[in-house]
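[1] With the sequence up front, the predicted model follows.
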Amino acid sequence: MASTPDYYKTLGVPRSATASEIKKAFRKLAREHHPDAGGDEAKFKEINEAYEVLSDDKKREMYDQYGTANENQIPFQGGNPFGGGNPFGGGTYTYTTSGGGNPFGGGGGGGIDWADILESLRNGEGAFGTNWDFGGGARQAQPEKGADKKVTLTVSFDEAFKGAEKKVRVVNPETQEKETLTIKVPAGAMEGGRVRMKGKGHPGANGGAAGDLLVTIKIAPDANFSRKGADVITKLPVSIDEAALGAQIVVPTPSGKKARVRVPAGTQDGAVLTLKGQGAPRLGKNASGTGDLKVEIEVKIPTTLNDEQKAALEAFKAATPESVRG
């Protein structure tokens, strides 16, 4: 009587393997040894037999205990120790090369979950890989575009405002060698904005085109300016007398030129003065023009006073009987 093969060794799994691990191993081996893929039919039948036993809890328990899943080979007196007829449903799976239907013929007895496998086929997965069907063997592999590659490029505030050309080092999807690309950062580029370079991403499969390189812009902090969309923000410190009496003050602009701003008398701390059209270029499909330069007023209170300043403020206090608190 021929000895029962080591089903665990056949599937390449330990005796402690879970049902999920056994199923995963079976699918992998079945894909490799499927006769439609040029595999050995005898080896494929061994794999199928091993999975039929180890995927069935009762058969696996019998196999683990007695070294066989055949009740007639169990060394017990009195026949079937489990009582009654065949506890496994009496069916076997037999491989056939005929098109359509279950490629293993037969039925019954549990083991391979063909409902699950056929469902994966309907979803385009393929129980034995995406390039196989059971009716006609290998299908033509479809070209697949490669995935996009993402990198971050840090630029200065001035480069983002005026536009710039920057160099980045990436791997060429065709040669797999490093190459230097020139990235054109558009004038008015914003934090988080992206520049797309066609065909510079990951290589495609089955003759498919390479993906794209997506370059995300990061703007380094600037000592004088910040951005809010196309508007540029700058802070302007003013003294008490300038805020109270009003003043004409020259301020820098992001273009590099100077502009004169009028601080009205009675300007409060935190007030915002606007210089129209002095901001960044607007970007977008239907965008046009430029944003504004927003000048935020910071009224600076002196921390120390000389005698003359104290006297001036005392005189101001005496001339202002009303309280600011009403």
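    The structure has been received and is ready for your questions.
[2] So residue 153 is in contact with residue 184, correct?
    No: with contact defined as C-beta atoms under 8 Å, residue 153 does not reach residue 184; the gap is 11.1 Å. (C-beta placed from N, C-alpha, C; glycine too.)
[3] More neighbours: the two, which one.
    Set side by side, residue 153 and residue 184 show more neighbours around residue 153, with 17 against 12, by other C-beta atoms under 10 Å.
[4] helix, strand or coil for the more buried one?
    Here residue 153 is recorded as strand under DSSP: H, G, I helix; E, B strand; the rest coil.
[5] who's the residue nearest to it when sequence neighbours are not counted bridged to?
    Of all residues not flanking residue 153 in the chain, residue 215 sits nearest, at 5.1 Å (C-beta to C-beta, 6 or more residues apart in numbering). With DSSP bridges as the criterion, residue 215 is bridged to residue 151, residue 195.
[6] Now for residue 215, how many residues are close by?
    Residue 215 has 23 nearby residues by other C-beta under 10 Å.
[7] and it, how far is that from residue 62?
    Applying C-beta to C-beta, to the nearest Å, the value for residue 215 to residue 62 is 61 Å.
[8] Now list whatever residues contact both of residue 153 and residue 184.
    residue 195 (C-beta atoms under 8 Å, 6 or more residues apart in numbering).
[9] For residue 63, list the residues it contacts.
    Listed by C-beta under 8 Å, 6+ apart, the contact partners of residue 63 are 4, 7, 53, 54, 69.
[10] can I assume it sits in a helix?
    Yes: counting by three-state DSSP, residue 63 is found in a helix.
[11] export the host helix or strand of residue 217 as CSV, just CAs?
    For residue 217, the host element (DSSP states H and E) is strand 213-219. Output of strand 213-219 as CSV, limited to C-alpha atoms (Å, rounded to 0.1, in the frame of the first residue of the first chain):
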residue,chain,number,x,y,z
LEU,A,213,6.7,62.8,-11.9
LEU,A,214,4.7,65.0,-9.5
VAL,A,215,6.7,67.7,-8.0
THR,A,216,5.1,69.3,-4.9
ILE,A,217,6.3,72.9,-4.1
LYS,A,218,7.4,73.8,-0.6
ILE,A,219,8.1,77.5,0.1
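[12] How about that strand, which residues are buried there?
    213, 214, 215, 217, 219 (16 or more other C-beta atoms under 10 Å).
[13] Can you give the contact residues for that strand?
    So strand 213-219 is contacted by 148-157, 160, 168, 170, 181, 183, 185, 189-197, 200-201, 227 (C-beta under 8 Å, 6+ apart).
[14] what's the answer for stretch 308-320, then?
    Counting by C-beta under 8 Å, 6+ apart, 302, 305 sit against stretch 308-320.
[15] switch to 10 Å and redo it
    Stretch 308-320 has contacts (C-beta atoms under 10 Å, 6 or more residues apart in numbering) with 240, 241, 244, 302, 305, 306.
[16] show me what contacts residue 9?
    Contact partners of residue 9, counting by C-beta under 10 Å, 6+ apart, are 15, 50.
[17] Check which element follows the helix or strand harbouring it along the chain.
    Under the criterion of DSSP H and E, residue 9 resides in helix 7-11. Proceeding N to C from helix 7-11, the next assigned helix or strand is helix 19-33, under DSSP H and E.
[18] Which two among the contacts of stretch 308-320 are spaced furthest apart?
    Greatest spacing in the contacts of stretch 308-320, by C-beta to C-beta: 244 and 306 (18.9 Å).
[19] Those two - which one has more neighbours?
    Between residue 244 and residue 306, residue 244 has the larger neighbour count (other C-beta under 10 Å), namely 14 against 9.
[20] ok now do the more buried one, which residues does it touch?
    Residue 244 makes contacts with 238, 265, 266, 267, 299, 316, as judged by C-beta under 10 Å, 6+ apart.
[21] Which of those are buried? Put it as a ChimeraX command.
    A single ChimeraX command is used to select the members of those judged buried by 16+ other C-beta under 10 Å:
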select :238,267,299
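[22] Make CSV out of the contacts of residue 244 and add distance to residue 223.
    Conversion of these to CSV gives the following (distance: C-beta to C-beta, whole Å):
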residue, distance to residue 223
238, 19
265, 29
266, 29
267, 23
299, 21
316, 34
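[23] Just the ones of the contacts of residue 244 in strands?
    238, 299 (DSSP state E).
[24] So which residues of the stretch 201-326 of the chain form strands?
    Using DSSP state E, counting those that start in this stretch, the strands assigned to the stretch 201-326 of the chain run over residues 213-219, 226-228, 231-238, 247-252, 258-263, 272-275, 293-299.
[25] any idea which residue sits dead centre in this structure?
    In the chain, the C-alpha closest to the average C-alpha coordinate belongs to residue 150, at a distance of 9.6 Å (C-alpha atoms, centre = their mean).
[26] Run a quick check on it versus residue 194, I expect a contact.
    Yes: judged on C-beta atoms under 10 Å, residue 150 makes contact with residue 194 at a distance of 8.8 Å.
[27] Who are the contact partners of the nearest residue to residue 155 once chain neighbours are set aside?
    Nearest residue to residue 155, sequence neighbours excluded (C-beta to C-beta, 6+ apart): residue 185, at 5.7 Å. Residues counted as contacts of residue 185 (C-beta under 10 Å, 6+ apart) are 153, 155, 159-160, 162-166, 193, 195, 215, 217, 219.
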